[in-house]
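A.B. asks: Pasting the sequence and the predicted coordinates here, then a few questions.
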Amino acid sequence: MSDSARIVIIGGGVGGASVAYHLTQLGERDIVVLERDELTSGSTFHSAGLVGQLRADPTLTRMNQYSVELYRTLDAGWTECGGIKLASTPERMAEIRRQIGWARTFGLPLEEISVAEAVELFPLMDPEGVVGAAYLPTDGQIDPSQLCYALAARAREGGAVIRTGTRVLGIDTANGRVTRVRTDQGDIDCEIVVNCGGMFAAEIGRMAGVRVPIVPMSHQYVVTDAFHDHTGLPTLRDPDLLVYYRQEVQGLVMGGYERTCGPWTAGPNTYDAVPADFNGRLLPEDWPRLEEIFDNSRVRVPAMADVGIRKLINGPEAFTPDNEFCLGETEVAGFFVAAGFCAHGIAGAGGIGKVMAEWIVDGEPSMDLWHMDVRRFGRHYRSPSYTLKRAVENYETYYDIRYPGHERSAGRPLRVSPAYGWHAAHGAVFGEKSGWERVNYYASNEDGGGERPAGWA
């Protein structure tokens, strides 16, 4: 192995492969990608493969738009089948109409469709209880492993070296910046390290003295037997029922985000330690935890009640305490992170690679990514138990509508001032900022029609 490289990328999933490819696009050639096992053997190989562009955040939507533009150019099993998002409540329909409004500002062809049009596009669905829908013709699905190998091939063509079967043992620093990566195949002197370790990212971060607040969460989906003869079905999401679907040959892939989730953690004190031999593996099937999602899936697609299940996929995915990516340079100079993809790393991989390459080469990304910047997490997130509580809360509310003024509740109260008790005794309603409890308003002010505006008001 070469004993030096300007940039070392740790992790051979779609994140690491995309960062490597985009760095070569910006002229970087002295790049080494290290993978402990084989490419895709972390979370990439068991991803469901949906690529939805529309998100509650315009910046992430733009990143996913770029992903689609890139995937169209790759020989990686891209299928531009379109995507439907259903509203099963009036509140969800209001959210969708807001999203349609701002989607137009950057050319995303999102359109409202009628319930009848949704059924025409996805005939397997039961329209009972559906209020309306939005359709995005440029959404699609892709084979995650093919995507990773295609990006890796382009990275190699651009000059990057990819080393599989190479386990990182340590990261050396001097005067506050990275200097060397130590592996079981030898040491590599370097200027920049990019932690694309997925569910291993917290462990890799600790090697450099950096806290990366992620938790591996158990995420499940089923693959059904063949039961229909439709072709070209769009992806379908019904967030009010917590479920998503995509076509898999003549069957379906169905998954979702249950209200009682399963964090998968191996360390009693860290909550994010992954067994050293967990490569290319899945977790045991957990049918009781899938019951809520499976029952909901039959509401929207009645055939799910009778169809055979070919397999249940239960794989760990790295989630962050606020469901946003962990990107950017850390307090250790030259040590970057691109991890915590919250089960939508396949949709985001193209955009993630692009902004990370810009960040590394130009010193800043081309978009405002503060809400994804790893530095947004204060010192209170050094507590693994606090990180776990927040990650669990956000997984279990993944599909909830986030209204202005929304306050998270897990792990509170964490930090309180000496005056906290007095305010609480006088009816204070608290919010939270950087772990501190602070007064938002007093309950007494709600009397006489003084209630705070609700919804999008």
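C.D. replies: Noted; the coordinates are in hand. Remember, predicted model here, so these are calculated numbers, not experimental data.
A.B. asks: Please report the distance of the residue nearest to the spatial centre of the chain from residue 59.
C.D. replies: For the chain, the residue nearest the mean C-alpha position is residue 342 (2.5 Å; CA atoms, centre = their mean). Using CB to CB, to the nearest Å, residue 342 is found at 15 Å from residue 59. C-beta here means a position set from N, CA and C on the backbone, and glycine is covered the same way.
A.B. asks: hang on, the earlier thing: mind listing what the residue nearest to the centre of the chain touches?
C.D. replies: 317-320, 323-325 (CB atoms under 8 Å, 6 or more residues apart in numbering).
A.B. asks: Wait, a helix at residue 381?
C.D. replies: Yes. Counting by DSSP: H, G, I helix; E, B strand; the rest coil, residue 381 falls inside a helix.
A.B. asks: what's the neighbour count on it?
C.D. replies: By other CB atoms under 10 Å, the residues close to residue 381 number 20.
A.B. asks: With adjacent residues omitted, what lies nearest to it?
C.D. replies: residue 213 (4.4 Å; CB to CB, 6 or more residues apart in numbering).
A.B. asks: What of residue 371?
C.D. replies: residue 324 (5.5 Å).
A.B. asks: so that neighbour touches residue 372, yeah?
C.D. replies: Yes. Here residue 324 reaches residue 372: they are 5.1 Å apart, a contact under CB atoms under 8 Å.
A.B. asks: between those two, who's got more neighbours?
C.D. replies: Neighbour count, other CB under 10 Å: between residue 324 and residue 372, residue 372 has more, with 25 against 19.
A.B. asks: For the chain, give me the ranges with low pLDDT.
C.D. replies: Along the chain, the parts satisfying pLDDT under 70 run over 1-2, 266-268, 447-453.
A.B. asks: Longest helix in it, by number of residues?
C.D. replies: In the chain, taking DSSP state H as the definition, the longest helix is helix 345-362.
A.B. asks: for the helix or strand just after that one, which positions count as buried?
C.D. replies: Moving toward the C-terminus from helix 345-362, the next helix or strand (DSSP states H and E) is helix 384-396. The neighbour-count check on helix 384-396 (16 or more other CB atoms under 10 Å) flags 384, 386-396 as buried.
A.B. asks: Next: stretch 135-142.
C.D. replies: Quick answer for stretch 135-142 (16+ other CB under 10 Å): 135-136, 138-142.
A.B. asks: And those residues, which is closest to residue 11?
C.D. replies: The shortest gap between residue 11 and any of those belongs to residue 142, at 19.2 Å (CB to CB).
A.B. asks: helices or strands next to the longest helix of the chain in the packing?
C.D. replies: Where contact means 3 or more CB pairs under 8 Å, 6 or more residues apart in numbering; DSSP states H and E, helix 345-362 is packed against helix 14-25, strand 50-51, helix 58-71, helix 144-157, strand 192-195, strand 326-329, strand 335-339.
A.B. asks: ok, now with 6 Å
C.D. replies: Where contact means 3 or more CB pairs under 6 Å, 6 or more residues apart in numbering; DSSP states H and E, helix 345-362 is packed against helix 14-25, helix 58-71.
A.B. asks: who touches whichever helix or strand comes after the shortest one?
C.D. replies: Counting by DSSP H and E, the next helix or strand C-terminal to helix 14-25 is strand 31-34. Outside strand 31-34, the residues that touch it by CB atoms under 6 Å, 6 or more residues apart in numbering are 5, 7-10, 12, 16, 20, 23, 160-163, 166, 168.
A.B. asks: So what are the sheet partners of strand 31-34 and their directions?
C.D. replies: Here strand 31-34 is paired, per DSSP bridges, with strand 7-10 (parallel), strand 161-163 (parallel).
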